[in-house]
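[1] Here is the input, now give the coordinates:
(one chain, ligands or ions: 2)
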Amino acid sequence: MIDIKRIWQDACQKIVGIEGVNAISYSVWIASLTPLCVKDNTLILLAPSVNNKHVVNRSYKSAIQSALESIGSIFTDVRIIVDEEKDFYYKEIEEYTDNTVNYNEKESQFISRYTFDNFVVGESNKLAFHAAQSVAKSPGVAENTYLSFNPLFLYGGVGLGKTHLLHSIGNYVNEHMPHLKVLYTPTEKLTNDYVEAISNNRNEKGVFNLHAFREKYRTVDMLMLDDVQFLQKRTGLQEVVFHIFNDLYQNGKQIVLTSDRPPSEISTLEDRLRSRFEGGLIADIGAPNLEMRIAIIRKKMILEKIAVNDDVVYYLAERIDSNIRELEGSLAKVIFYAKLKGLPYPDIDTAKEALKNTVQKKHGVDSSDIIQATCSYFNISQSDIISKKRTKDIAEARMIAIYIITEMLSLPLVTIGQMFGGRDYSTIIHSRDKIASLAKDDPDTIRAIKDIKSMLN
Ligand code: ADP
Ligand code: MG
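    Ligands and ions are numbered 1, 2, ... in the order given. All right, here's what the predicted structure looks like:
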């Protein structure tokens, strides 16, 4: 069977430079095409929008054909289609299904453990949970005609599961409808993109201008914007978001938004955006009650495969009542303490000891605080962070923890190396320097460091 995905990738490698295709036009118009199948020696490419299809047909089709020719492809023609035309090719698509590109597969943007299954549902979050599930199952489509779930607006305090629900939607759609293109963006990232786009606007070499910005956000099947209370009143930004919103909405694409408060209370929001945000379903997430907090700790124990005595579970659930992230962090801390003491699982004394420190006015932060805060921020386990595992999120968390430790505590590098599973001090230096350089201009790193430090207070 012909591997069209491969052929398309090879052609893409060649296309910049052919008939005036430059890096910008490539990234805006061509990179978003997906090879679907072959019919009558014609390669069928799926465009994310009608507009994209028209532009490619008008300006880039022959360049694409030349690129295919240059890699010796047997296809003599290409045809660009949009979603609605797919039915016509269903037989061929079926035949080529294994080779079609999965939009979200490349490197999933979604945290794998943030799933609906891992989310504990109770009084305080059931509306948000069911709405999120419904949107995941039928994106863009109202469940019934009386109630539109588009946009879905979730709001609630810090650490109550908003981001978890967005990732759950993403993971669900990835698994069940991999052909759909889902984009998850923290609002700060959107703002940064926008700033980059307007500053590169006149730069011929730049790959990212305002046009590319718009295309990035409006050529998706689902847009999830996290923490929209951070949408700044910056000239032009809210206007662009407004138009992206309208485009997506009119094309039946799903929009999901989160915030720490309802749209009516986001004072920086322009009225027209506010009214758009209010146009669908607004669901709030409240603080969990005791029963739910216990259930969350138990769930976490199952996921982490750890045993904790009931009295410890109650102790934690009673003390930490308003923020699930903190609840998880405390559990992690208790477990960490038990490990340090060589206990098979934490007892109530260890729990008291561990939590006393967080509540008491502290003299200072120590390395286990930093490790614990970093783990709970990245939602990874403490055994992972000191292990040899090198998956992206674990490695990143580890480097950030090392960086913060070197920055805040004056410990010998060798000692830090020992804390992290006996790593060589040169590894510690490498981690420290790498994050130090990212901390200059990478917004995600900057934010992570800031948030972790604020958790330490
Ligand atoms: P928010 O985005 O609202 O600030 P997060 O989605 O980041 O909060 O949640 C904080 C942590 O609490 C995450 O690790 C998440 O998995 C966990 N969490 C929140 N709500 C629940 C829940 N209902 N069940 C299980 N875990 C939860
Ligand atoms: Mg969040």
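
[2] quick check: domain ranges of the protein?
    Following automatic domain parsing, the chain resolves into domains at 4-102, 126-285, 308-359, 367-456.

[3] Nearest to ligand 2, out of the ones you listed?
    Smallest distance to ligand 2 across the domains of the chain (Cβ to the ion): 3.2 Å, for domain 126-285. From N, CA and C alone the C-beta is placed, and that goes for glycine too.

[4] avg pLDDT for that closest one?
    Domain 126-285 shows a mean pLDDT of 89.

[5] Kindly report the same for stretch 315-325.
    87.

[6] okay, how far is it across that stretch, tip to tip?
    16 Å (Cα to Cα, to the nearest Å).

[7] nearest to K300, of the domains of the chain?
    K300 sits nearest to domain 308-359 of all the domains of the chain, at 6.0 Å, using Cβ to Cβ.

[8] How about the nearest residue to P139 once chain neighbours are set aside: which residues does it bridge to?
    Residue nearest to P139 in three dimensions, not counting chain neighbours: Q254, with 3.8 Å by Cβ to Cβ, 6 or more residues apart in numbering. Under DSSP bridges, the beta-bridge partners of Q254 are M222.

[9] quick revisit: need the domains of the chain in JSON lines with mean neighbour count and distance to E291, can you?
    Supplementary listing: those in JSON lines, determined by neighbours: other Cβ atoms under 10 Å; distance: least, Cβ to Cβ, whole Å:
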{"stretch": "domain 4-102", "mean neighbour count": "17", "distance to E291": "39"}
{"stretch": "domain 126-285", "mean neighbour count": "18", "distance to E291": "13"}
{"stretch": "domain 308-359", "mean neighbour count": "18", "distance to E291": "9"}
{"stretch": "domain 367-456", "mean neighbour count": "17", "distance to E291": "22"}
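
[10] surely R234 meets T191?
    Yes - counting by Cβ atoms under 8 Å, T191 is a contact partner of R234 at 7.2 Å.

[11] ok, now which ones touch the residue nearest to P139?
    Q254 makes contact with V135, P139, G140, F149, N150, P151, L152, D221, M222, L223, L248, according to Cβ atoms under 8 Å, 6 or more residues apart in numbering.

[12] where's the residue nearest to G236 when sequence neighbours are not counted relative to T76, distance?
    Leaving aside its chain neighbours, G236 sits nearest to I198 (7.0 Å; criterion: Cβ to Cβ, 6+ apart). The gap separating I198 from T76 is 42 Å, by Cβ to Cβ, to the nearest Å.

[13] try Y114
    For Y114, the distance to T76 (Cβ to Cβ) stands at 46 Å.

[14] Likewise for A338?
    For A338, the distance to T76 (Cβ to Cβ) stands at 68 Å.

[15] show me where the protein has strands.
    Taking DSSP state E as the test, the strands found in the chain are 34-39, 42-46, 77-81, 152-156, 182-186, 222-226, 254-259, 281-285.

[16] Now do the same contact list for the closest residue to R432 other than its chain neighbours.
    Computed as Cβ to Cβ, 6+ apart, the closest residue to R432 that is not its neighbour in sequence is T406, at 4.7 Å. Residues in contact with T406 (Cβ under 8 Å, 6+ apart) are L413, I416, I428, R432.

[17] Could you tell me the per-residue confidence at the second one?
    Looking back up the chat, that one is I416. You'll see I416 listed with a pLDDT of 88.

[18] Contact partners for it?
    Counting by Cβ under 8 Å, 6+ apart, I416 touches S367, I402, I405, T406, Y425, I428.

[19] Max pairwise distance over those residues: which two?
    Farthest apart among those by Cβ to Cβ are S367 and Y425. That separation is 15.0 Å.

[20] Show residues contacting stretch 273-287.
    123-125, 127-128, 131, 147-157, 160-162, 228, 231, 238, 241-242, 245-246, 249, 255, 257, 262-264, 266, 269, 321-323.

[21] so A373 touches S454, yeah?
    No - with contact defined as Cβ under 8 Å, A373 does not reach S454; the gap is 9.0 Å.

[22] List the contacts of the closest residue to ligand 2 within the stretch 1-150 of the chain.
    Ligand 2 sits closest to Y114 of the stretch 1-150 of the chain, with a gap of 10.3 Å, by Cβ to the ion. With contact set as Cβ under 8 Å, 6+ apart, Y114 has these partners: T163, H164, L166, H167, S168, N171, N379.

[23] Relative to Y172, how far out is it?
    Distance from Y114 to Y172, counting by Cβ to Cβ: 11 Å.

[24] before we move on, back to that, so for the contacts of I416, which is the shakiest by pLDDT?
    Ranked by pLDDT, these bottom out at S367 (84).

[25] Correct me if wrong: V228 contacts T268.
    No - counting by Cβ under 8 Å, V228 sits too far from T268 to count as a contact (9.8 Å).

[26] that older thread, ok, the contacts of I416 vs A67, which is closest?
    Within these, the smallest distance to A67 is 44.5 Å, found for I402 (Cβ to Cβ).

[27] Which residue, other than its chain neighbours, is closest to that closest one?
    Nearest one to I402, counting by Cβ to Cβ, 6+ apart, is S431 at 4.2 Å.

[28] residues touching the one you found, list them.
    Counting by Cβ under 8 Å, 6+ apart, S431 touches R398, M399, I402, Y403.

[29] ok, it to ligand 1 distance?
    24 Å (Cβ to the nearest ligand atom, to the nearest Å).

[30] A397 too?
    13 Å.

[31] How about that residue, nearest residue that isn't a chain neighbour?
    In space, A397 is closest to F378, 4.0 Å off (Cβ to Cβ, 6+ apart).

[32] The one you found against A395, yeah?
    No - here F378 does not reach A395: they are 10.5 Å apart, not a contact under Cβ under 8 Å.

[33] which bits of this structure sit near ligand 2?
    K162, T163 (Cβ under 5 Å from the ion).

[34] Which one of the residues in the chain is closest to ligand 1?
    Taking Cβ to the nearest ligand atom, ligand 1 has its nearest neighbour within the chain at G161, 2.7 Å off.

[35] My read is that that residue contacts N323, right?
    No - in this structure, G161 is not within contact of N323 by Cβ under 8 Å, at 10.3 Å.

[36] Flag every residue of this protein that's near ligand 1.
    With Cβ under 6 Å from any ligand atom as the criterion, the chain meets ligand 1 at residues 114, 119-120, 125, 156, 158-164, 296, 299, 324-325, 328, 379.

[37] In helices, which of those fall?
    Among the residues of the chain next to ligand 1, DSSP state H puts K162, T163, H164, I296, K299, I324, R325, E328 in helices.

[38] Which parts of the stretch 201-350 of the chain are helices?
    Assigned by DSSP state H, counting those that start in this stretch, the stretch 201-350 of the chain shows helices spanning 210-218, 237-250, 271-277, 290-304, 310-319, 324-340, 348-359.
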